[in-house]
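K.L.:
Build the 3D model from these lines:
(one chain, ligands or ions: 1)
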Amino acid sequence: MEVINIEGLKRSYNTKTGVLNSKTKTTEALKGVSFNIKKGEIFGLLGPNGAGKTTIIKILATLLAPTSGTAKILGFDTYGQEKKVRPNINFIFGGERNLYWRLSARDNLLYFADLYKIDKETREKRIDYLLDLVGLTGRADEKVETYSKGMKQKLQIARGLINNPEILLLDEPTIGLDPVSSRELRNIVRTLAGKGHTILLTTHYMYEAEELCDRIAFIKNGEIVALNTVSELKKQLNQNSIIEVKVSDFSDDDISKLKSMKGVVEVSSYLKDDINNIKIVCETPLEIIKLMLEKFADKKIINLQIREFSLEDIYINLIGDGHV
Ligand SMILES: Nc1ncnc2c1ncn2[C@@H]1O[C@H](COP(=O)(O)OP(=O)(O)OP(=O)(O)O)[C@@H](O)[C@H]1O
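P.N.:
Numbering: from 1, shown residues only. This next block holds a predicted model:
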């Protein structure tokens, strides 16, 4: 069952430039975006700064009107049917400061529960459940100002779940968090999806998207350039493999020799601690390795591995200069 339907979504921003003789500049942040998300899915929006990801989240969150096209949640238009949409959603923008720092976690949640007019009995049970879900039960009655960044972000997640929303919109949920806190948050997101919540998230962390997302849309300059599961995206890229080699005493001439070997598509390298770190994109990795060991028998190969394309390789291929 699809719970989010986006169809031909466009959004422009008009900004005035200059003070005297000011001119209006129009930015087309979304140029006709369409996609659907199924119930219980974790869907990732990936793309460079300014691609339009937050604009999509804001339109879905009923905070921004589209210029044209539609964004629907559970069949209700996020522009025009806001009152039908809002009880079913909630949103969290990474690093936002809309918690009350002088209040405890529990009192913050009580306050937000009040805004949603949640009855007393449900409210208390839900708050206990959410504090437990995000691992804050032990500190629930301490003031938020004494919390670490990770704890505040976990409380944001609890805040975002206070109305038990079917759909949760997360804009860079783990920004600025340490690896342990990020992992804990990812586990919470996974648990939520397991319970049937649908999650749309943006992130600049490729491993996060790779680990969490059922499907990913890459967005660039306000347009979707690819949309699929990670494994399908990898298949679509091409049939090549990557060989990574660490070798000492490798000259520019040797790199040129590598590049001219049959079956080699692309070679890139960088020097660190006097060791050449070489990445070879090729069609037949085993043959290339055999040839390399023959041609460069006098070189000291420290490490050699064949690996599959990562999401980061796909990102660079789609969003960057077309290379990997
Ligand atoms: N309030 C605004 N006024 C004018 N232009 C805006 C406004 N908000 C966003 N834009 C422009 O719209 C485009 C898309 O911005 P958006 O914030 O959606 O990108 P993003 O993909 O979320 O970027 P980031 O990864 O940096 O958060 C950018 O060119 C941005 O400058």
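K.L.:
can you tell me which residues contact residue 74?
P.N.:
By C-beta atoms under 8 Å, 6 or more residues apart in numbering, residue 74 lies in contact with 3, 84, 85, 88, 166, 167. Placement of C-beta: from N, CA and C, glycine included.
K.L.:
And the buried ones among the residues you listed, selectable in PyMOL?
P.N.:
Buried residues among the contacts of residue 74 (16 or more other C-beta atoms under 10 Å), as a PyMOL selection:
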select buried, resi 3+85+88+166+167
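K.L.:
Can you list the residue ranges for helices in the stretch 101-250 of the chain?
P.N.:
All helices of the stretch 101-250 of the chain, identified by DSSP state H, counting those that start in this stretch, fall at 105-115, 120-133, 149-160, 179-194, 206-212, 230-237.
K.L.:
Residues touching the worst-scoring helix or strand of the chain on mean pLDDT, excluding its own?
P.N.:
Between all helices and strands in the chain, the lowest mean by mean pLDDT, DSSP states H and E belongs to helix 230-237, at a mean of 82. The contact list for helix 230-237 (C-beta under 8 Å, 6+ apart) reads 209-210, 213, 216, 226, 228, 308-309, 311, 313-314, 317, 324.
K.L.:
circling back to that earlier point, now intersect the contacts of residue 74 with the strands, please.
P.N.:
3, 167 (DSSP state E).
K.L.:
just the contacts of residue 74 that are near the ligand?
P.N.:
Among those, no residue lies close to the ligand (C-beta under 6 Å from any ligand atom).
K.L.:
Now render the contacts of residue 74 as JSON lines, adding pLDDT.
P.N.:
Listed next are those as JSON lines, based on pLDDT from 0 to 100:
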{"residue": "3", "pLDDT": "97"}
{"residue": "84", "pLDDT": "96"}
{"residue": "85", "pLDDT": "97"}
{"residue": "88", "pLDDT": "96"}
{"residue": "166", "pLDDT": "96"}
{"residue": "167", "pLDDT": "97"}
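K.L.:
Relative to residue 47, which of the contacts of residue 74 is nearest.
P.N.:
For the contacts of residue 74, the closest approach to residue 47 (C-beta to C-beta) belongs to residue 167, at 20.7 Å.
K.L.:
does that closest one really touch residue 86, like I thought?
P.N.:
No. The pair residue 167 and residue 86 fails to qualify as a contact (C-beta atoms under 8 Å) at a distance of 10.8 Å.
K.L.:
tell me the contacts of the residue nearest the centre of the chain?
P.N.:
The centroid of the chain falls nearest to residue 203 when counting by C-alpha atoms, centre = their mean (2.5 Å). By C-beta under 8 Å, 6+ apart, the residues touching residue 203 are 44, 46, 172, 173, 174, 209.
K.L.:
could the residues you listed be laid out in TSV, adding distance to residue 7 and pLDDT?
P.N.:
Below are the contacts of residue 203 laid out as TSV (distance: C-beta to C-beta, whole Å; pLDDT from 0 to 100):
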residue	distance to residue 7	pLDDT
44	20	97
46	21	96
172	25	91
173	26	88
174	30	88
209	24	95
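K.L.:
which one of those residues has the most neighbours?
P.N.:
Among these, the one with the most neighbours (other C-beta atoms under 10 Å) is residue 173, at 28 neighbours.
K.L.:
Relative to the ligand, how far out is that one?
P.N.:
13 Å (C-beta to the nearest ligand atom, to the nearest Å).
K.L.:
Excluding covalently adjacent residues, which one is nearest to that residue?
P.N.:
residue 94 (5.4 Å; C-beta to C-beta, 6 or more residues apart in numbering).
K.L.:
next one: residue 241
P.N.:
residue 285 (4.4 Å).
K.L.:
that older thread, may I see the PyMOL selection of the buried members of the contacts of helix 230-237?
P.N.:
Here is the PyMOL command that picks out the buried ones among those, judged by 16+ other C-beta under 10 Å:
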select buried, resi 209+210+213+216+226+309+311+313+314+317+324
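K.L.:
State the pair within the contacts of helix 230-237 that is farthest apart.
P.N.:
Checking the contacts of helix 230-237 with C-beta to C-beta, the most distant pair is 213 and 324, at 20.0 Å.
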